[in-house]
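My questions are about this predicted structure, shown below with the sequence.
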Amino acid sequence: MPAPILISVYTRLKHLQGCIDSLKENELAKETDLFVVSDGAHALHLIEKIEKIRVYVRNICGFKSVTLFAWDTNLGGAESVRLARKEIFDRFDRLIYMEDDNIVSPLFLGFMNMALDKYQYDSTVFGICGFNVNVKIPERYSYDVYFMNYISANGWGTWKHKYLPFLENFNLPDFKSKEFKAYSQHLEKSANNLKRMVRQGANWGDTKVTYYLFQKKMLCLFPCKSLVYNTGWDGSGEHCGKDESYLNLEINTTDPIMRLPDKTKIDKDWEFAIRKFTKYPFLGKWKTALYDKKMNWMKRNL
């Protein structure tokens, strides 16, 4: 049975429509249970937008079933998703999570469900990611996927028996410790995001999971060429601002993923490529700091 899908949405109807339309292009969509979680409005002027989205969701077809979690009050993104995920895990042993700005390849559900079946009992594999960053595939790499100890929340799946221990056992690091220093050298941007999360009093699931993977020596599986395109980098996303490198990303829509490595380990060439991509130059840090200040100002003045 295909894994259920959970999509989180707030006020972006056009983004959600694009996401749903792309999922319908997957052969497994008609066998898949779809769940959509819609948080309540934090301001009166958003109520109409949210209601339009809920009307749209109630009329979605093309899936095995469609369930809407429509919260009456504003819980915040993290809590809204947590409650929906808990209800789904009461019924299912796995889950594919997406955000409303994810456009997926027609190959997406086939890949996700194949990999969720294959690595279900592999203790080193925490999740399956459909998105890959815009980096060049190492020349001598001969597989269609690779392993890395970080996560992308743009269309990813995991299992109940691996995700719940993360919720129960995650602890924030000592930012002055040798362990965190090693983490910063390995994935500098992720380490910086963890500090930003704490400063803002936020709860960024992907940021926490990435550090958890580093601690537990666990991995996620990625396609060499992305199966997900994120439209949220148009400036409408809550955390991502605008980035042309993501908007110009090409996804794999035609080549089935067939060649998988025999061992679940990090390839050195891919590690080098990802480390280079996540290197955090001074200009990047400066832009991030300005973006954080802008978002904090906007929240205070809503």
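Looks like it came in fine.

which residues are in contact with stretch 165-181?
Residues outside stretch 165-181 that contact it (C-beta atoms under 8 Å, 6 or more residues apart in numbering): 126, 183, 191, 194-195, 198, 208-209, 211-212, 215. All C-beta spots, glycine's among them, are computed from the backbone N, C-alpha and C.

Equivalent analysis for stretch 91-101, please.
Under C-beta under 8 Å, 6+ apart, the answer for stretch 91-101 is 3-10, 12, 15-16, 18-19, 33, 81, 85, 88-89, 104, 109, 112, 116, 120, 153-161, 163, 230-232, 236-237.

wait, what's in contact with the residue nearest the centre of the chain?
What sits nearest the mean C-alpha location of the chain, by C-alpha atoms, centre = their mean, is residue 153, with 0.8 Å. Contact analysis of residue 153 by C-beta under 8 Å, 6+ apart lists 97, 99, 205-206.

Which of the contacts of stretch 165-181 fall in helices?
183, 191, 194-195, 198, 208-209, 211-212, 215 (DSSP state H).

hmm, back to that, and the contacts of stretch 165-181 as TSV, adding pLDDT?
Shown next, in TSV, are those (pLDDT from 0 to 100):
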residue	pLDDT
126	98
183	93
191	91
194	94
195	92
198	92
208	96
209	96
211	96
212	96
215	94
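
Closest to residue 258 out of these?
Closest approach to residue 258 among the contacts of stretch 165-181 (C-beta to C-beta): residue 126, at 23.1 Å.

That closest one: neighbour count?
If you count neighbours by other C-beta atoms under 10 Å, residue 126 ends up with 24.

next one: the one 5 residues further on
A count of nearby residues for residue 131, using other C-beta under 10 Å, gives 24.

Using the three-state scheme, assign it.
With DSSP: H, G, I helix; E, B strand; the rest coil as the basis, residue 131 sits in coil.

List the buried residues for stretch 155-171?
155-159, 162-163, 166 (16 or more other C-beta atoms under 10 Å).

List the ones among those residues that fall in strands.
156-159 (DSSP state E).

Which single one of those is nearest to residue 251?
residue 156 (15.0 Å).

How about the contacts made by residue 193?
204, 207.

most surrounded residue in the contacts of residue 153?
That'd be residue 97 among the contacts of residue 153, by other C-beta under 10 Å, with 27 neighbours.

Quick check: that one vs residue 83, distance?
Going from residue 97 to residue 83 by C-beta to C-beta, to the nearest Å gives 14 Å.

before we move on, what about residue 171?
For residue 171, the distance to residue 83 - C-beta to C-beta - is 22 Å.

Could you do residue 270 as well?
For residue 270 relative to residue 83 (C-beta to C-beta), the value is 36 Å.

So, low pLDDT: which residues of the stretch 201-302 of the chain?
For the stretch 201-302 of the chain, the stretches with pLDDT under 70 are 233-248, 280-302.

Now do the helices in it.
205-216, 244-247, 268-277, 282-300 (DSSP state H, counting those that start in this stretch).

Off-centre distance for the third one?
Read it as helix 268-277. Put simply, helix 268-277 sits 20 Å off its chain's centre (C-alpha atoms, centre = their mean, to the nearest Å).
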